[in-house]
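Asker: model the structure of this input:
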Amino acid sequence: MIKTRIAVASLLLMGSASLLLAQQPPGPPGGGGPPGGLFLPPLYTNKSAPLGAVDTSLADRACAAKGHAKLVCLADLLKKGMAPELLARLQLPYSVQDGKRWSNFPPMVYRNRVGVTLAKFSPAQLGVVKAILKEATGIAANEGYDEIEQILNADDFLKEK
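Answerer: This is a model prediction of the structure:
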């Protein structure tokens, strides 16, 4: 059940089952790159966007329904007023080929990933993203959103090492 909810949240975050179609380059021309072989593809930053302190109250008030209706409302709210460039990267037709390229690994590790990183969203948009994740996955301790937040915290910890 939790895997299904996480899949739903992932699809919603990609703009109602849409993905970035642009192919990311394999690395800088002629090899090289930073020490350790890490290379940050275009369109990505190495900036973290912790969700722990992000407030969802505005999103929750704007979308008071529950279940599927709330998820649709939140997805529409996330897209409302979004910069056209970000919306274009977030919402594209789904393809199996790009679906296979989706990854939760950071862009420096998995250069061929698709989707938008959390750091690209404004604080208000992050509130909507967090509300989507909470609604889609549930809020039980050590399950659903709580587990997602633990994974994001582990990612930030590893980034610092």
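Asker: tell me where the longest helix sits in the protein.
Answerer: Secondary structure of the chain per DSSP state H: the longest helix is helix 144-160.
Asker: quick one: low-confidence parts of this structure?
Answerer: 1-49, 104, 106-111, 161 (pLDDT under 70).
Asker: go with 80
Answerer: Judged by pLDDT under 80, the chain has its weakly predicted residues at 1-50, 92-93, 101-115, 155-156, 158-161.
Asker: quick one: the strands in it?
Answerer: Read by DSSP state E, the chain holds no strands at all.
Asker: just to revisit the earlier point, list the buried residues of the longest helix of the chain.
Answerer: By neighbour count with 16 or more other C-beta atoms under 10 Å, helix 144-160 contains the buried residues Gly144, Tyr145, Glu147, Ile148, Glu149, Leu152. From N, CA and C alone the C-beta is placed, and that goes for glycine too.
Asker: quick check: the second one vs Gly99, distance?
Answerer: Relative to Gly99, Tyr145 is positioned 23 Å away (C-beta to C-beta, to the nearest Å).
Asker: repeat that for the fourth one.
Answerer: With distances taken as C-beta to C-beta, Ile148 is found 20 Å from Gly99.
Asker: now do the third one
Answerer: Glu147 sits 22 Å away from Gly99, going by C-beta to C-beta.
Asker: do the first one as well
Answerer: The gap separating Gly144 from Gly99 is 22 Å, by C-beta to C-beta.
Asker: for the last one, same thing?
Answerer: Using C-beta to C-beta, Leu152 is found at 22 Å from Gly99.
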